[in-house]
Structures are given as structure tokens and as C-alpha cells.
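Novice: Turn this into a model:
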Amino acid sequence: IDRATAVYKYVRESRIQGHEDLQSMTLEEYAASSYVENNWLTRFLTEKLSPEKKLTEKDVQVAKEVLRRKVLIGMYDDILES
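Specialist: Okay, here's the model as predicted:
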């Protein structure tokens, strides 16, 4: 619930092009809409936030590549080595 609320606030406040209808939508309306999360991370990484845009296997591969290039994950137990 916290993440869905955060996504709602982010999309509303960032005024992402193509999502002008979200500007007047309440959180309750958002929760009942087709905008609510659907593979949110993949959609965010591929810039396909609209639920009308279908995700493909290529989108999954693009999202994985973005993560591979941009995200560094370390282990807390081995913080000096990570």
C-alpha cells in the first residue's frame, strides 16, 4: 500500500506527459483505475507507465540491462568488500 501511494504521488507531482488525467484523480480513484501497479519497476525502467502500453519480453530485457548498468548491490555483512 505504501509503495502504491508513493507511486500515485510521484506520478501526480511529476506531471508526466500523457498522464494529465491523474492530476484531478483522488487516491481512491487511482486505486480503482487501470493505473494502479502492474509490473511497476519494469514499466518505470522502460518508461512505459501507461497501462495501455503492453510490456514485451524486450521490455523485460531492457529493464534488466538498466539494472545491470545502473545498480550496485553489496552485502551488508561484507560492507568493506562490497
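Novice: And the contacts of stretch 75-82?
Specialist: 73, 74 (C-beta atoms under 8 Å, 6 or more residues apart in numbering). All C-beta spots, glycine's among them, are computed from the backbone N, C-alpha and C.
Novice: next one: it to chain centre, how far?
Specialist: 28 Å (C-alpha atoms, centre = their mean, to the nearest Å).
Novice: Stretch 37-49 too?
Specialist: Worked out by C-alpha atoms, centre = their mean, stretch 37-49 lies 4 Å from the chain centre.
Novice: Keeping just the C-alphas, turn stretch 24-43 into CSV.
Specialist: Output in CSV follows, covering the C-alpha atoms of stretch 24-43 (Å, rounded to 0.1, in the frame of the first residue of the first chain):
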residue,chain,number,x,y,z
SER,A,24,-7.5,15.5,-10.8
MET,A,25,-7.8,11.9,-9.6
THR,A,26,-8.1,11.1,-5.9
LEU,A,27,-6.1,8.3,-4.4
GLU,A,28,-9.3,6.2,-4.1
GLU,A,29,-10.0,6.7,-7.8
TYR,A,30,-6.4,5.9,-8.7
ALA,A,31,-6.6,2.6,-6.7
ALA,A,32,-9.7,1.6,-8.7
SER,A,33,-8.2,2.7,-12.0
SER,A,34,-6.1,0.8,-14.5
TYR,A,35,-3.1,3.0,-13.5
VAL,A,36,-2.5,1.0,-10.3
GLU,A,37,0.7,-1.0,-10.3
ASN,A,38,1.2,-3.6,-13.0
ASN,A,39,4.9,-4.6,-13.2
TRP,A,40,5.7,-1.2,-11.9
LEU,A,41,9.5,-1.5,-11.9
THR,A,42,9.7,-2.8,-15.4
ARG,A,43,7.3,0.0,-16.6
